[in-house]
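S.K.: okay, here's the prediction I keep looking at, along with the sequence it came from:
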Amino acid sequence: MTQNSRSPRSALSRPVWPDRAMLWRWHFFAGLFCLPFVIMLCVTGSLYLFKPQIETWLDRDIDRAVAEGTPRSVSAQRDAALAAVPGGHFLALEMPTRARQATRVLVEHGADVARVYIDPVSLRVLAQRDEQTRFERLVFRLHGQLLIGNWGSVIMEMVASWTLVLIVTGLLLWWPRRTGIGGTVLPRLGAKGRVFWRDLHAVGGVWISLVLVLFLVSGLPWSFVWGSAFSAVESRIGRLVSVQDWEIGAVPIAATISGHATMPGMSDSEMAGMSMDSRSEATTAQPAIPPEGLDAVYETARRLAFPAPALITPPATAGAPWRLRSDAQNRPKRIEASVTAQGQVTHITRFADKGLSDRLIGYGVAFHEGHLFGVLNLLLNLIVALLLTLASIAALILWLRRRRPGHLDAPRASPRRIGWGALAVMGLMGVLLPELGVSLLLLALANRFLSGRFSALR
């Protein structure tokens with residue numbers, strides 16, 4: 001009788017959601033892990049927004065050195081670049097964007113790619129740079145891979161996953177329990193001390209939370225684990241009707257430039273080997289003498305005027321067409337054409353011709369990079385990066401001000417259970433975000449078997 005009477009009460013008292021103390025503790029540890037990476041992402045992401053302008057500024061002295069006069073043929077410029085890289089293979093030529101500009105020829109040699117700057121008038125080599133060490137590539141690899149390849153991509157994917165946890169718990173902690181816009185909708189900038197830093201963190205975080213979620217989700221297709229799984233599923237159900245034009249994890253630079261997709265789930269060495277084979281393809285199986293037709297294809301490319309940067313890549317096999325494509329950051333403007341050696345266009349693929357998933361990812365990536373709707377997109381991304389940096393710094397200051405020397409001073413653990421509703425949400429997020437699911441499972445096992453010995457794990 002007593003047991004029967006307890007059963008309904010225990011069922012009713014079982015919590016659905018965690019209490020405020022538990023939310024605060026989860027928010028604290030998620031922030032402790034994520035915030036250093038978040039600040040780095042804000043800095044590198046802000047720099048990447050202006051990569052065309054920065055690259056133009058870095059190359060200004062090279063372009064100024066171009067001689068005045070009538071340019072030589074493009075094929076002669078290509079040959080001058082190949083002569084500067086012994087054993088190199090012609091990989092691509094980047095279309096100029098200004099009247100007086102050095103010709104950029106991309107030459108593959110071994111596992112590396114050299115960007116050779118040629119004076120179109122004198123055929124003099126003005127500069128030669130490793131493509132992977134250019135500003136654009138360094139910032140891109142630091143932003144998404146921490147400069148350590150696929151392991152870095154996995155780490156950044158875990159950071160993105162836990163940042164979503166940070167956003168959800170932060171919104172629940174912010175949810176107003178009183179009336180008034182001060183400290184809820186607008187920060188109390190006239191306040192001092194803890195109130196000022198709290199408002200800067202909480203209110204600033206709320207304002208950027210929606211855009212930040214879009215940033216995180218739109219960045220997932222680039223990540224190694226999530227992106228590889230997504231690409232495998234899409235390929236299996238047959239929706240990817242065009243060549244994938246975004247990188248998944250650490251992709252060999254030659255494969256990126258040639259525009260060939262890579263198979264998911266491979267190691268760096270396997271991907272490098274696969275890209276060499278699948279490109280027949282544009283490198284190892286390419287004849288020693290560069291294929292004819294570059295001059296005619298170049299004239300066609302000038303007439304078509306694809307959005308910059310536009311690349312001309314040679315045919316993969318003898319008799320195959322040349323390829324002309326735009327790598328514009330505003331991906332809905334990207335366009336691709338097949339051109340014969342005589343300069344005739346045989347096929348054009350526009351963004352609208354891609355599959356639905358390709359288009360959705362293209363819109364997301366263009367928004368992420370700040371070029372989907374022009375200057376407004378760029379300014380929005382820059383403001384979000386600035387506010388997110390300020391909110392992160394404010395969070396660190398709040399913790400350092402209350403932390404005792406030599407102590408972590410994390411929020412105390414709640415005696416209440418986490419709640420079945422929260423467990424269901426976490427389970428769903430763990431399935432959709434593999435790194436989050438694995439880390440949650442490891443935390444649960446550590447709490448079950450090690451918390452008795454290490455109190456910090458509870």
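M.R.: Received the coordinates, thanks.
S.K.: okay, how far is it across stretch 80-89, tip to tip?
M.R.: 12 Å (CA to CA, to the nearest Å).
S.K.: now do stretch 187-195
M.R.: Termini of stretch 187-195 sit 9 Å apart (CA to CA).
S.K.: contacts for that stretch, please.
M.R.: Residues from elsewhere that reach stretch 187-195 (CB atoms under 8 Å, 6 or more residues apart in numbering): 182-183, 196, 199-200, 203-204, 398, 401. Glycine gets a C-beta too; all of them are placed from N, C-alpha and C.
S.K.: mind running it again at 7 Å?
M.R.: 182, 196, 199-200, 203-204, 398, 401 (CB atoms under 7 Å, 6 or more residues apart in numbering).
S.K.: kindly reformat those as TSV containing distance to residue 306, secondary structure and neighbour count.
M.R.: What follows is these, written out as TSV (distance: CB to CB, whole Å; DSSP: H, G, I helix; E, B strand; the rest coil; neighbours: other CB atoms under 10 Å):
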residue	distance to residue 306	secondary structure	neighbour count
182	52	strand	15
196	51	helix	16
199	48	helix	19
200	45	helix	22
203	44	helix	21
204	40	helix	19
398	50	helix	16
401	54	helix	10
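S.K.: just put those residues in TSV and tack on distance to residue 388 and pLDDT.
M.R.: Shown next, in TSV, are those (distance: CB to CB, whole Å; pLDDT from 0 to 100):
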residue	distance to residue 388	pLDDT
182	22	78
196	18	90
199	15	89
200	12	89
203	13	91
204	8	89
398	16	92
401	20	89
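S.K.: out of the residues you listed, flag the one nearest to residue 362.
M.R.: residue 204 (30.1 Å; CB to CB).
S.K.: the closest one contacts residue 389, doesn't it?
M.R.: No: counting by CB atoms under 7 Å, residue 204 stays clear of residue 389, with 9.7 Å between them.
S.K.: tell me where the stretch 301-450 of the chain has helices.
M.R.: 356-368, 374-402, 420-432, 434-449 (DSSP state H, counting those that start in this stretch).
S.K.: what's the last one packed up against?
M.R.: Using 3 or more CB pairs under 7 Å, 6 or more residues apart in numbering; DSSP states H and E as the contact criterion, the elements in contact with helix 434-449 are helix 150-174, helix 224-237, helix 420-432.
S.K.: which residues does the shortest one contact?
M.R.: Pointing back at helix 420-432 there. Contacts of helix 420-432 (CB under 7 Å, 6+ apart): 14, 16-18, 436-437, 440.
S.K.: centre of the chain to that helix, how far?
M.R.: The chain centre lies 25 Å from the centre of helix 420-432; the measure is CA atoms, centre = their mean, to the nearest Å.
S.K.: in it, what counts as buried?
M.R.: Buried residues in helix 420-432, counting neighbours by 16 or more other CB atoms under 10 Å, are found at 422, 426, 429-430.
S.K.: go on, the first one?
M.R.: Residues of helix 150-174 classed as buried by neighbour count (16+ other CB under 10 Å): 150, 152-172, 174.
S.K.: what distance separates that helix from the middle of the whole chain?
M.R.: 15 Å.
S.K.: neighbouring contacts of it?
M.R.: 20, 23-24, 26-27, 30-31, 33-34, 37-38, 144-146, 202, 205-206, 209, 212-213, 216, 219-220, 223-226, 249-250, 268, 433, 435-436, 439.
S.K.: show the buried residues in the residues you listed.
M.R.: Buried among the contacts of helix 150-174 (16+ other CB under 10 Å): 23-24, 26-27, 30-31, 33-34, 37-38, 144-146, 202, 205-206, 209, 212, 216, 219-220, 223-226, 249-250, 433, 435-436, 439.
S.K.: okay, how far is it across stretch 299-308, tip to tip?
M.R.: Per CA to CA, stretch 299-308 runs 16 Å from first to last residue.
S.K.: typo on my end, stretch 363-379
M.R.: End-to-end for stretch 363-379, by CA to CA: 17 Å.
S.K.: you'd agree residue 381 is up against residue 371?
M.R.: No: with contact defined as CB under 7 Å, residue 381 does not reach residue 371; the gap is 9.3 Å.
S.K.: how much space separates residue 106 from residue 425?
M.R.: 47 Å (CB to CB, to the nearest Å).
S.K.: buried ones in stretch 173-189?
M.R.: 174, 183-184, 187-188.
S.K.: same deal with stretch 437-449?
M.R.: In stretch 437-449, counting by 16+ other CB under 10 Å, buried: 437, 439-440.
S.K.: same question for stretch 82-99.
M.R.: Buried residues in stretch 82-99 (16+ other CB under 10 Å): 82, 84-85, 88-96.
S.K.: state the mean pLDDT of it.
M.R.: For stretch 82-99, mean pLDDT rounds to 94.
S.K.: how long is that stretch end to end?
M.R.: 23 Å.
S.K.: run the chain-centre distance for that stretch.
M.R.: That offset, for stretch 82-99, works out to 27 Å (CA atoms, centre = their mean).
S.K.: what does stretch 146-154 give?
M.R.: Using CA atoms, centre = their mean, the offset of stretch 146-154 from its chain centre is 12 Å.
S.K.: in the contacts of helix 420-432, find the pair that's most separated.
M.R.: It's 14 and 436 that sit farthest apart of those, by CB to CB, at 24.6 Å.
S.K.: show me where the stretch 1-150 of the chain has helices.
M.R.: Using DSSP H, counting those that start in this stretch, helices in the stretch 1-150 of the chain cover 2-13, 20-49, 51-58, 60-64, 74-84, 135-145, 150-174.
S.K.: which of the residues in the fifth one are buried?
M.R.: Under the neighbour-count criterion of 16+ other CB under 10 Å, helix 74-84 has 74-75, 77-82, 84 buried.
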